[in-house]
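K.L.:
Kindly generate the corresponding structure for this input.
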Amino acid sequence: MDHIYEDIRKGERGAWISIAAYLILSAGKLVGGYFFASSALLADGFNNLTDIVASAAVLIGLRISQKPPDSDHPYGHFRAETVASLIASFIMGMVGIQVLVEAAKSLFMGKEASPDLWSAGVAAVCAVCMLFVYLYNRKLAKEIKSQALMAAAKDNLSDALVSIGAAVGIVGAQFGLPWLDVVAAFAVGLLICKTAWDIFRDSTYRLTDGFDQEELRDLRGTIAKTPGVEGINDVKARVHGNHVLVDVVIVVDPTLSLIEGHAISDKIEERMKKIHNIMNVHVHVEPREKSL
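P.N.:
Predicted coordinates for the structure are as follows:
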């Protein structure tokens, strides 16, 4: 189990990088938006301030996940990571809706004076920086199988897209094409809402013990191929944070001794760890019914 906690600590690094990036970039956008008279850049800067809350929620979730099992949480606190993803999805959804509302206001109220073109440069540079943060966090999330960090990475991508949309709108205003801003804002807002929905759906699916049936069939196949297993009466699995818990009922030869049945259980646990990287397997052994 030690490596699981080590992976969570690695995930914290990604959350801290996100927070640091949001602090620096939001400051740059707010200053740039003020000096270059860009409402789009100012809005993007304030948006980044709210994203600090999402990243902080992920960080807190990862911290709680590291708490060892206790009497109230015998399986540990790993699901705090999934709850953090759920919170991040709500924040992303609110940001996406806000982007859509602002785009609608721009469509019906018209645009104000064109901002300085330098503000587009600031937005573009911030977008590139956030894309690098996204790529780093996505790679780390896949490496440690962290749902919360992957949610943070998707939030990073959403913010990069918001900055790109702001840059497109500013450039469009300079060339007499203000509708580009509205189109870009609607596209970005819809994409953020779609990403938030995907994270929300995945988080609630995991929290209600949903599990992919194709993956469950793979686990069942591995167990069925274990020497001594004559059948499988039942197999269940659920996601607990960044790892999987498996419960299986196997059928064995009724003439086997208790020690031999225990050895088969140990072999199943060993194979599940080696092939699927699953550390928690609960095996219930039942004797094969004798033919009449």
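
K.L.:
Is residue 161 in contact with residue 190, as I believe?
P.N.:
No - the pair residue 161 and residue 190 does not pass the contact test of CB atoms under 8 Å, sitting 10.5 Å apart. (C-beta placed from N, C-alpha, C; glycine too.)

K.L.:
Show me which of those two is the more surrounded one.
P.N.:
More crowded of residue 161 and residue 190, by other CB atoms under 10 Å: residue 161, with 22 against 14.

K.L.:
Identify the residue spatially nearest to that one, adjacent ones excluded.
P.N.:
By the measure of CB to CB, 6 or more residues apart in numbering, the closest residue to residue 161 outside its immediate chain neighbours is residue 188, 4.9 Å from it.

K.L.:
buried residues in whichever helix or strand that neighbour is part of?
P.N.:
Take DSSP states H and E as the rule and residue 188 turns out to sit in helix 179-207. Residues of helix 179-207 classed as buried by neighbour count (16 or more other CB atoms under 10 Å): 180-189, 191-193, 195-196, 199-200, 202-203, 206.

K.L.:
ditto for stretch 83-95
P.N.:
83, 84, 85, 86, 87, 88, 89, 91, 92, 93, 95.

K.L.:
Quick check: the farthest pair among these?
P.N.:
Farthest-apart pair in those is 83 and 95; separation 19.3 Å (CB to CB).

K.L.:
Run through the stretch 51-200 of the chain and note the low-pLDDT ranges.
P.N.:
For the stretch 51-200 of the chain, applying pLDDT under 70 flags the ranges 110-115, 178, 181.

K.L.:
Could I get the full set of helices for it?
P.N.:
79-109, 118-144, 147-174, 179-207 (DSSP state H, counting those that start in this stretch).

K.L.:
Now distance to residue 282 too, for those, in TSV please.
P.N.:
As requested, the helices of the stretch 51-200 of the chain are arranged in TSV below (distance: least, CB to CB, whole Å):
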stretch	distance to residue 282
helix 79-109	18
helix 118-144	24
helix 147-174	23
helix 179-207	19
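
K.L.:
in the lengthiest helix in the chain, what's buried?
P.N.:
As assigned by DSSP state H, the longest helix anywhere in the chain is helix 2-35. By neighbour count with 16+ other CB under 10 Å, helix 2-35 contains the buried residues 4, 7-8, 11-12, 14-15, 17-19, 21-22, 25-26, 28-30, 32-33.

K.L.:
before we move on, back to that, against which helices or strands is the helix holding residue 188 packed?
P.N.:
Packing partners of helix 179-207 (3 or more CB pairs under 8 Å, 6 or more residues apart in numbering; DSSP states H and E): helix 79-109, helix 147-174.

K.L.:
and it, how far from the chain's centre?
P.N.:
14 Å (CA atoms, centre = their mean, to the nearest Å).

K.L.:
tilt between that helix and helix 79-109?
P.N.:
Counting by axes from the mean of the first three to the mean of the last three CA atoms, to 10 degrees, helix 179-207 points 160 degrees away from the direction of helix 79-109.

K.L.:
C-terminal to helix 179-207, which secondary structure element comes first?
P.N.:
In N-to-C order, the element after helix 179-207 by DSSP H and E is helix 213-224.

K.L.:
neighbours around the closest residue to residue 289 other than its chain neighbours, how many?
P.N.:
Take residue 289 and drop its neighbours on the chain: the residue closest to it by CB to CB, 6+ apart is residue 254, 8.0 Å away. Neighbours of residue 254 under the rule other CB under 10 Å: 12.
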